[in-house]
Structures are given as C-alpha cells and as structure tokens.
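*Asks:* Here is my input; please provide its structure:
(3 chains)
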Amino acid sequence: MLATAVALTATSACGGGGDDAAGGDVLTLGYYAEAGGPADGTMRALVEEFTKANPGIKVKIETADYDEFYKRLRTQLAGGKAPDVWLSDGVLVQEFAGRNSLRDLTPYAAGLNLADYYGIDLIKKGDPQGRLFAFPQGAQSTALFYNKAIFAKAGVEPPTADWTYDDLLAAAKKLTRDTNGDGKTDIYGFRAHSPSFVESWWPMVKAFGGDVLADDGKIAIDSPQSRAAFTWMNRAMHEERAAPDPVTTEALGKSQILFPSGIVAMQFGIYARIQTAAQGKIDTGVVPLPKGPDGRRGDLANVNSWVINRAASEAKAESAWKWIKFFAGEGPQTKWMSIGEAIPINRKVAQSAAFLRPSTPPTDRKPFIDALDTADDLGLNPVWSEYTAAITKQVTGALSRRIGIDEALRTAQADAQAAIDRFRPAG
Amino acid sequence: MTQHTKEREGRREATPMPPPPDPRPAGSGHRAEKSWAVLFASPYLAHLVLLTAWPFLALTYLSFTDYDTLSSPNWIGLDNYTRLLRDEDFWNSLLNTGLFALIYVPLQTVLALVLAVGLNQRLRFMPLLRGAYFVPVVSSWVVVAYVADAVFNPRTGSANTVLGWFGIDPQTWLDSPALVIPTLALVAVWKGVGYMMVLFLAGLQSIPGELYEAAEMDGAGPVRRFWHITVPAVSGTTFLVLVLSTISVLQAFEQVYVMTGGEPGGASEVTVLYMYRQGFEYFQMGYAAAVAWVLFGITLVLTLFQLRLQRKWVHYA
Amino acid sequence: MRSGVAKRRVLAYVFVVAGAAIMLLPFVTSLFNSLKSYADFIAIPPSLLPDPPVWSNYSEVWNRAPFGTYALNSFVIAGLATAGAVISSAMVGHAMARMRLPLREALLTAALATLMLPTVVTIIPTFILFREFGWLDTFLPLIVPFWLATPFGIFLMRQAFLAIPTDFMEAAALDGAGLWKIFTRIHLPLVKPSLATLAVFTFMTSWGAVLEPTVYLTSPEKLTLPIGVMGLRGQFVGNDQLVTAGALMSLVPILVVFVVAQRYFVRGAAASGLKG
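*Replies:* Next up is the predicted model:
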C-alpha cells in the first residue's frame, strides 16, 4: 500500500510541471541573483522589455541567491512545481537533463545560426547523445589575473601569454614579500588553492596533461600528469611559500578576498572575478593561463544557460524559447555585459570594442574570449555535484598535506567513479 | 519503547506532583468523559497519524528503495544499508556528530547550571542580565551565523585578537578541519545556554530556602552547599537538559547548514546534513531514508540509555 | 561571615556580568561590520570600527528586497503557529493530566518518541504528504503541524495541569459542557505562565526556522525573514557587510517581542513545574 502511495505521488510529480503553479498562461521564470543587486535589477528590466515586446506573455519571476535557488529548485522539481524556464549553472544542466527534467532544445534552435553564439558545443558535449538541453545565457572562462601595482613596486616584469608554470613560480617567488619585517609574509606572489577549483587545481591538472573526467565518461584524476600538477602546487605553497597554503588562504580571509585586498599578486580567475577585483579597487591586468610542460593551458569554460522544464506545456515552452532567443540577442546581451558578470554569448557583442577594450580594468579582455574558443568543459555529467565533491575532499587533504598526493588521487578516483556508477538514468 | 521505561516514565512524572486522587464513583458518566478526553487529545492523535506514523512507515519503506523523487521508487532490498556500512563519509559524519555532542552537551549543561545559580539572586538589574543571556536564544541561526563571523572570522574576528593578547597564534576556526566542530559547539553553547539556564532557574526557585539556611548553620561552605543541596535538587532538570541537548545535537542541521555547509572538506558534515545532501542535493531519497533510520535508532538508544541511567543519579525531592 | 557573603555576591555579580558581556559583544562587533563599506570590510589590517560608518547599508538592504513583506509573512506564520501550539498543546496536556484518557501512558511515550523524530529526518515523507495535500508554496505546512500539538508543548502543559489541585467542581462535572467550562474558566487561567512560556518558545522556533520555509515556500512574495536575509548573499560579489545588516534588521522584531514577553516568560518558566 505504501509502495503504491509513494509511486502515485511520484507519477503526479512527473506530470505536475509549473502549469498549475501560476495559473493559465503565466510563464514562470527562475534565476539566481543577489537580491536587489545589479544582476537582479538588469534581469527585471530585461523581463519588462521582453513582455512589452510580447504582450501575449506574462512573466512571473522566481529568484533567490545562488545557494537557495538550487536548494529550492531541487525541491520544486520533486514537488512538480519548478519554473517553466530557469537559469541553470552550466555545470548543473546535466544533473537536470539526466533526471529527465529538461526539454531538448535542438528543434527550437534549428531556426538559429548557432555559429553566432559561444558555448553551444560545450553544452552539446555534456550530453552523451549530443543533444542541446540548454541555451547559453552568459559564459565564464579562465585567465591569469595580476595586480599591476604590486608588479610595478617589486620591479617584476608583468606576465605574458607565453608564460610557463616555471615562469609563474619564478615571478611568484620574487613577488612574495614580508613588507613590514615582522617575519610573516604580507604579500604572496600567487593564489594556488581555492575551493573554487575551476580557478585552482582543475586547469592545472589539464595543463600538465591530465584530466578529471575523460571523454569516455570515466574518472581520470589518478594519473602521473595530475600528480605532477599537485606536486607543483604543493611546491609553490609549502616549499617555495610563494602561495598561501589552504589553511593560510582561509586565515587570510577566504580565497576570493585575497586578490581584491591586495594580499596576492596573481590568481587564476573566471571572468566574474573582475567585479570583486574592482570592488577592491585593484588595477587588474589579465593574460592567458600559463602553459604546462606540453604547451597546454588547460583552459576551462562554464556556460550558464537557460533551460526549459520538460513538464511545461507546449505553449509555455514556446514562450520560454522566445525569452531565451530574446536574451541571446544583441541588445539584451549588451545590457547584461554592462554589469560585468559574464562574457556575452552573442559573438557580435563579445567582439565589440565595448567588451574587449573597456575603460575600466582590465582594459584588455581578449584573453577570456581566446580561452573560451579553446576551453574544455568541467567534466559534465548527471552526478557532477556529487563526484566533484568526492574529488575536492581528497584533493584538499593532499594540498593541506594531511594525506599524500598518491593516496588522495587513488581515493578520489575510486569515490568519484563510484558516484558515477551508482547513477541510474531516469526514464 | 519498552514496558519497563514506560513504567518509569510514569513514575518520574508522577513523583513530584502526583495526579489528584479521583473522588468520583465509577459509573456511566465515565464513558462521556472518556470521549471528551479523546476529543481534547484529538490534535495529538492527528499528529501521531500524519507526522509520526506516516513519516515513520514511509521512511522505512523508502530506505529499501532507490528513489530519485521524480520516477517511482525501485525496491532494492538491503542495498542502502550495506552501502551505509561501507560509506566512509557516513561514518565520518557520525564521528563529527559524536564529537559535537561530547563538547556541547556537558559544557552547556554545566555552564547553564552555574549561570542559573549566579543569576538566581535578588540583585539590581538581574532581570536585565537574564535578558542578555536570552538574546542569542531568540536569534535565528541566520543571524547567529553572521554574528559569529564577527568573532571567529580568522582575519577580522575578535577571537584571534583575544588569543593574540596571550601570545597565541591566530586560528582559522570554522575553516580548520580540527577546530571546526569545537567552534560550532562553542557557538551552539553560546546560543543555547540561556534557554537551558531558564530551565535551571525554574528548578532552583523551587528549592526551599530553609535547606540552605540549615546547611549554613551546620557550617557548610558555598561549594559544599552547591554540591549537596543544589546539584541533587536540580537533578531532575539536569536530566531534562541532558535529554534536550542530546536530541538537539543529533538534529543540529540548521546551524551547520547555515554556518559551514559541512566544510572544510567534510570536517563538519554532521549526520543530518549528510542525510539532507543525499536526499535533496543528490536526489537519493532512498539512501537518505536509510540514514534517517539509523539516526533515529541512535537517538532512541541514547534516550533509553539516559532514561536508564537517570534512575542511578536523579533524585526527586 | 557577613563580609564573606558580600564578597561572594560581588564575585557572582562579576561572573554573570562578564557572561552577559560575552553574550552581547558579538552583536556589537557585527553591528560595526554592518556599517562598513566592502573595501573597509576586507581591509588589511582589519579595523574594529567602521571608518566612516556607512549608514546607507541599512537603507540599501531595505530597498533591495521587500523586507516589509518578509516580516509580515514571518509574523503571520509565527503568530498562527504559536496560537495553534498553545491551544492544541493545552487541550492535549489537559486530557493527559486531568481527564480519563484511554492509553494515556502509551500516548505519553509516543510523545517522547516524537520528540526524537526531528523535522529534518521526517522532511522527506512529510514533504510527500503535503505535496499530496496541495500545500506546497503555501503557509500551511509551516502552521498546521503546530496546531497538532507539539511534543514539548504536551510535556510542558501536562506538568502544569498536574500541579493544580482538584476542586469539587471538577469532581462533579461529568458532561461535556462542564468539562469545557472547567478547562477554560478554572484550569487555563491557572497555567497562564506555562502558556506564556510555550508561546514564546514556539514563536521563536517558528520565527527562526530555515529548513521548512526553504523547502515549502517558493514564491518570492511568500518568503520569511531569515530566507529573505540569505537571499542577499551574492555569488560573485562580496557583500557580507550588507547581509550582516540584513541579519541584524531581522533580529529587531523578535527582540521587541521578547522584551515585551520576557516578564511573563521568565516567571512562566519558573512556575511551569519543570523541576522534573
């Protein structure tokens, strides 16, 4: 009896969708943003513009900060009350697609020239069958950020696109200083560790020739190449002390505060970190990531995307698609670009002078575009959160020297693979 | 629950204030009164059906299935439980919970009692002072998270400043795998001690003053009086405080969720948080249900254990 | 001897004052934090005092999100939850203490077991249940459970009712009207302090809840204060100073309630017969 009851509720959840949530023909649109911040304000303005242009469509906004948004979304999906269209972190698209919650947008996108947009291939790559389960909204790629003032003061030549990891470490050593002579380092050359792994060990593993999730869908973190990358990090942090170790990083105020507060001269950063650097009034320059032993940079990109609820009615999916197309257009992309949070996914906008050479630092933003062109994705699959958490746990232990690198990678490999093997596709 | 504990439960409740003797003769009126009693108790009967029995049965069933909340549950037998046995993260979460309890429960109980004794005096501003201890109690965990950051932020917090006065190196508190649980426990004590203190105050105020006067006549010092009069007299309250604190540790979800989310590297992942993550983040409701079941089992065993021990040390005046 | 007593009193006084300072000082430092600019907030070396104080942080927070609506929602939910817990727990407690309730001991034991089944453990099946009722994204899942008597409330009220001596009217009453009259006119007024205690505790629990509102409420206009405050957190931008301001703002209403209710409440706890 109990089985039937649970099964019944499960099926009703499947059929639910956002339809009954907001009544008749109101399109429920979900996105994450800091309440009342610039992104929130711009999004609301764009929604207004959209509904003016499409008088037949009413939009109900559901928004929350990043953490709450996903916590709520997962519950909404379980309860059949998720929005019709929502903004998904690029790395989470496959989690929703793998659980059968998303519409395949391939037929909708047939009318567009997909070459006009960044990120399409990365989204398709995430799906085993190459379907387009999401459409780009804004992109993030990686670059080497540097603090021009610290370099000038230390008389060190600023980084170039030709830097190798050896160059990076050599410069970081020169920049590391005890400015007030109290025996403690006040400025570090580089931030090596961050819980935000896209700005830390992941690109390094790739630059050294390793991989996290191989193209065959299996975990590949336990390799001599990743060992070399982690050895390099530990050398920079624990031996050369040119980068704060994980504990010191936290003690100095968490990894994302170091660069804006001028404690580190360089960091790997995604595009959005320009905002925090600006909040700290840092004169920032960016260059491409350094090259590994074989000349690889290990660039990564994350394409945040709009997705459409599979449970949404045809009519609503149609309206949702109109919104997605609208958002990808030149006008909205230009407005979204102006808040400085993401790289425009509309190539025309991204190649405009307004984006590439703005008046505020960093004044040359081409490295992000170049990286985006060659970048790989962050090993997308339906259990991304779970498997990356398993790896992060071990890797943090190795970088804090609580466990050896070999052991950490072995355990990470096994735990992450187990998470993948446990997954049973919905359907 | 066993017959055994039920009896003792009854006795424990009955001893301090026995139910009044019933002078009424047995007769036909009783049936009417019984139905009225059931009517009075009906909210709780509904509670038992909807919020106790149903969740309990559903959890039991789900714990034997693979259920992703979107498609129907799949019966997989004992798989979830065998996975639990081998799941290091789960055992790690139990260890974290245990460490939390070991620091939090005794520290909070002792502090609450000592503070209650200190505050149980007729002095100026006493109500105001008691109020001060209650401000953290009424603050939500969201507030406490940001207030605690003012203390335990490794860079700007006052805790490191204080350590600096004694020449101790700054610590990373919530960001340190070794210190995160003790720090969380300290914050939990800071937030909860006022609540438990009020319970003790109630107990203290019912101790007859003559007891102390008599002891003082006999030449008993303050420490002796505390140990020989106060402590035994409030042992019933102590028991209540211990049970409530133990249960609250095993349920310490919101604090950890808001303050650390299990970081760094799982060092503060307590069992409820682990359960929540499995169910609501990784969509493994069946596995989460198995974790819930184990958690309930542990709570039950601990409470029964405390009830059993209670007989050895709780004195009813 | 006398001087010894005085010395002890001073010691005790110093002790509790120091403790109170430990309780309150973190609020003061976080108040300073809430008045900093972000650059000031992350500055090295950190300063205790904001320089200069950015009072506009508070107005900015207020303008960023509909905090008035959030506060109203919190009040409605906590108010109805409190009313429900007090009424239902008093009734059940009365039945357990003063009436011929069949299976009384078993029910009491069940209440203890229920105390051990925390919300977070039962949230999955409860969520499924409320989903079937069509209650998702309504206040009902946050209110109705309180109307079904809380285990803590039952224990508290039962103890309070047990402490009342029997009177002749109670002995004579056999019909419903009589029983109801005894309950409302005679017994309830006698346990007012316990009712106050229960009310304050329930209000507090409901007001500060994080898990249930996150799980059950999804429309932005239905959010409660703690959830609204968390909504200020940015993914990319640093704005802890703003969130701190929001958090302190959300503390004000509950502090007011507490200050008003404290008198009843401390007396209530003292009189609730919880001495075990």
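
*Asks:* could you pull out the strands for the stretch 51-200 of chain C?
*Replies:* For the stretch 51-200 of chain C, applying DSSP state E, counting those that start in this stretch gives no strands.

*Asks:* swap in the stretch 251-400 of chain A?
*Replies:* Taking DSSP E, counting those that start in this stretch as the criterion, the stretch 251-400 of chain A contains strands spanning A:264-270, A:284-287, A:301-308.

*Asks:* Between those strands, which one is closest to C:Ala90.
*Replies:* Closest to C:Ala90 of the strands of the stretch 251-400 of chain A is strand A:301-308 (C-beta to C-beta; 49.7 Å). All C-beta spots, glycine's among them, are computed from the backbone N, C-alpha and C.

*Asks:* Between strand A:264-270 and the closest one, find me the angle.
*Replies:* Here strand A:301-308 points in a direction 40 degrees away from that of strand A:264-270 (axes from the mean of the first three to the mean of the last three C-alpha atoms, to 10 degrees).

*Asks:* now for strand A:301-308, which elements pack on it?
*Replies:* Under the contact criterion of 3 or more C-beta pairs under 8 Å, 6 or more residues apart in numbering or on different chains; DSSP states H and E, strand A:301-308 touches strand A:85-88, helix A:93-98, helix A:120-126, strand A:135-147, helix A:314-328.

*Asks:* can I get the CA coordinates of the second one in PDB?
*Replies:* If I follow you right, that is helix A:93-98. Provided in PDB are the C-alpha atoms of helix A:93-98 (Å, rounded to 0.1, in the frame of the first residue of the first chain):
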ATOM      1  CA  VAL A  93      22.500  21.300 -16.700                       C
ATOM      2  CA  GLN A  94      23.300  17.600 -17.000                       C
ATOM      3  CA  GLU A  95      22.000  16.900 -13.500                       C
ATOM      4  CA  PHE A  96      18.600  18.100 -14.500                       C
ATOM      5  CA  ALA A  97      18.800  16.600 -18.000                       C
ATOM      6  CA  GLY A  98      19.900  13.200 -16.600                       C
END
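
*Asks:* What's the first helix or strand after it?
*Replies:* helix A:106-109 (DSSP states H and E).

*Asks:* okay if I get the strands of the stretch 251-400 of chain A as a markdown table plus mean pLDDT and mean neighbour count?
*Replies:* Shown next, in a markdown table, are the strands of the stretch 251-400 of chain A (pLDDT from 0 to 100; neighbours: other C-beta atoms under 10 Å in any protein chain shown):
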| stretch | mean pLDDT | mean neighbour count |
| --- | --- | --- |
| strand A:264-270 | 96 | 27 |
| strand A:284-287 | 96 | 22 |
| strand A:301-308 | 96 | 26 |
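
*Asks:* got a markdown table for those strands, with distance to A:Ile123 too?
*Replies:* Shown next, in a markdown table, are those (distance: least, C-beta to C-beta, whole Å):
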| stretch | distance to A:Ile123 |
| --- | --- |
| strand A:264-270 | 17 |
| strand A:284-287 | 25 |
| strand A:301-308 | 6 |
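
*Asks:* Nearest to A:Val212, out of those strands?
*Replies:* Taking C-beta to C-beta, strand A:301-308 is the member of the strands of the stretch 251-400 of chain A nearest to A:Val212, at 13.7 Å.

*Asks:* Between strand A:135-147 and that closest one, find me the angle.
*Replies:* Going by the same axes, to 10 degrees, strand A:301-308 makes 150 degrees with strand A:135-147.

*Asks:* The residue of the stretch 1-150 of chain B found nearest chain A: neighbour count?
*Replies:* Nearest to chain A in the stretch 1-150 of chain B, going by C-beta to the nearest C-beta, is B:Thr69, at a distance of 3.7 Å. By other C-beta atoms under 10 Å in any protein chain shown, 25 other residues sit near B:Thr69.

*Asks:* which stretch of helix or strand covers it?
*Replies:* If you go by DSSP H and E, B:Thr69 is not part of any helix or strand.

*Asks:* Make sure it is actually in contact with B:Phe283.
*Replies:* Yes: between B:Thr69 and B:Phe283 there is a contact at 5.8 Å, judged by C-beta atoms under 8 Å.

*Asks:* Common neighbours of those two, please.
*Replies:* Among the neighbours of B:Thr69, those also in contact with B:Phe283 (C-beta atoms under 8 Å, 6 or more residues apart in numbering or on different chains) are A:Ala78.

*Asks:* Show me the longest helix that occurs in the chain.
*Replies:* No chain specified, so I'll use chain A. In chain A, taking DSSP state H as the definition, the longest helix is helix A:405-422.

*Asks:* wrong chain, I was asking about chain B
*Replies:* Max-length helix for chain B by DSSP H is helix B:88-119.

*Asks:* returning to that earlier point: of the strands of the stretch 251-400 of chain A, give the one that comes closest to C:Leu188.
*Replies:* That would be, of the strands of the stretch 251-400 of chain A and by C-beta to C-beta, strand A:301-308, which comes in at 55.2 Å.

*Asks:* Direction included, what does the closest one pair against?
*Replies:* Applying DSSP bridges, strand A:301-308 is found paired with strand A:85-88 (antiparallel), strand A:135-147 (antiparallel).

*Asks:* Distance to A:Asp406, mean neighbour count and mean pLDDT added to these, as a markdown table?
*Replies:* Converted to a markdown table, those look like this (distance: least, C-beta to C-beta, whole Å; neighbours: other C-beta atoms under 10 Å in any protein chain shown; pLDDT from 0 to 100):
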| stretch | distance to A:Asp406 | mean neighbour count | mean pLDDT |
| --- | --- | --- | --- |
| strand A:85-88 | 36 | 26 | 96 |
| strand A:135-147 | 27 | 26 | 96 |
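
*Asks:* Up against chain A, what does the stretch 101-250 of chain C have?
*Replies:* C:127-128, C:131-132, C:136-137, C:214-215, C:218-220, C:227-228, C:230-239 (C-beta under 8 Å from any C-beta of the partner chain).

*Asks:* Can you name the residues of the stretch 301-427 of chain A sitting close to chain B?
*Replies:* A:383, A:385-386, A:392-393, A:396-397, A:400, A:402, A:422, A:424, A:426-427.

*Asks:* Out of the helices and strands in the chain, which is least certain?
*Replies:* With no chain named, the answer covers chain A. Ranked by mean pLDDT, DSSP states H and E, the helix or strand of chain A with the weakest confidence is helix A:2-16, at a mean of 44.

*Asks:* You answered for a different chain; I wanted chain C.
*Replies:* Taking mean pLDDT, DSSP H and E as the measure, helix C:168-172 is the helix or strand of chain C with the lowest mean score, a mean of 58.

*Asks:* what bits of chain A have low per-residue confidence?
*Replies:* Along chain A, the model assigns pLDDT under 70 to residues A:1-24, A:426-427.

*Asks:* Tell me which residue of it lies closest to chain C.
*Replies:* A:Gly36 (2.5 Å).

*Asks:* Check whether that residue sits in a helix, strand or coil.
*Replies:* coil (DSSP: H, G, I helix; E, B strand; the rest coil).

*Asks:* Quick one: residues contacting C:Pro50.
*Replies:* Residues counted as contacts of C:Pro50 (C-beta under 8 Å, 6+ apart) are C:32-33, C:35-37, C:40.

*Asks:* now for those, which pair is the farthest apart?
*Replies:* Maximum pairwise distance among the contacts of C:Pro50 (C-beta to C-beta): 12.4 Å, between C:Phe32 and C:Ser37.
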